[in-house]
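In: My questions are about this predicted structure, shown below with the sequence.
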Amino acid sequence: MTLDVILKKYPVNGNFTFQCNEDFAVKCNAPKESAGVDLIYNITTIPDELIYIGSSGRKDLGGIYDRLVNGYHPNRFEQEGRIKRRYAFPRNSPYLLAI
């Protein structure tokens with residue numbers, strides 16, 4: 001089963017684009033009252049390159065919004081130490097976050 005087939009099982013409830021120089025907390029439109037799956041794409045590639053899949057949030061603790069904005073990102077981009085998720089993406093590229 002391919003990733004595309006698996007991902008079609010999950011509805012897309014929203015998305016937003018952001019660049020690393022923008023305020024992620026302001027741009028993020030993820031729900032604050034529910035958990036979910038988030039997909040982050042580098043949209044400078046053709047086709048868009050899926051660079052991160054996450055599941056996060058608890059509806060009683062700020063939902064997926066809180067995890068995206070205030071949570072820590074696993075060290076996936078060759079950076080050292082714990083890094084807030086909103087600061088963890090490589091510079092110089094715009095991204096699309098689907099929730």
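Out: Here it is on my side, so go on.
In: residue ranges with poor pLDDT in this protein?
Out: Where the chain drops to pLDDT under 70, the residues are 57, 72-81, 85-93, 95-99.
In: Show me where it has its helices.
Out: 3-7, 24-27, 63-70 (DSSP state H).
In: And the last one, what's buried?
Out: Put plainly, it is helix 63-70. 63-69 (16 or more other C-beta atoms under 10 Å). Where C-beta positions appear, they are placed from N, C-alpha and C, glycine not excepted.
In: Now flag whichever of these is closest to residue 52.
Out: residue 68 (10.8 Å; C-beta to C-beta).
In: Could you pull up the residues touching residue 37?
Out: The contact partners of residue 37, taken as C-beta atoms under 8 Å, 6 or more residues apart in numbering, are 10, 53-55, 99.
In: now do residue 59
Out: 33-35.
In: Throw those residues into a markdown table and include distance to residue 6, thanks.
Out: Formatted as a markdown table, those follow (distance: C-beta to C-beta, whole Å):
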| residue | distance to residue 6 |
| --- | --- |
| 33 | 26 |
| 34 | 21 |
| 35 | 18 |
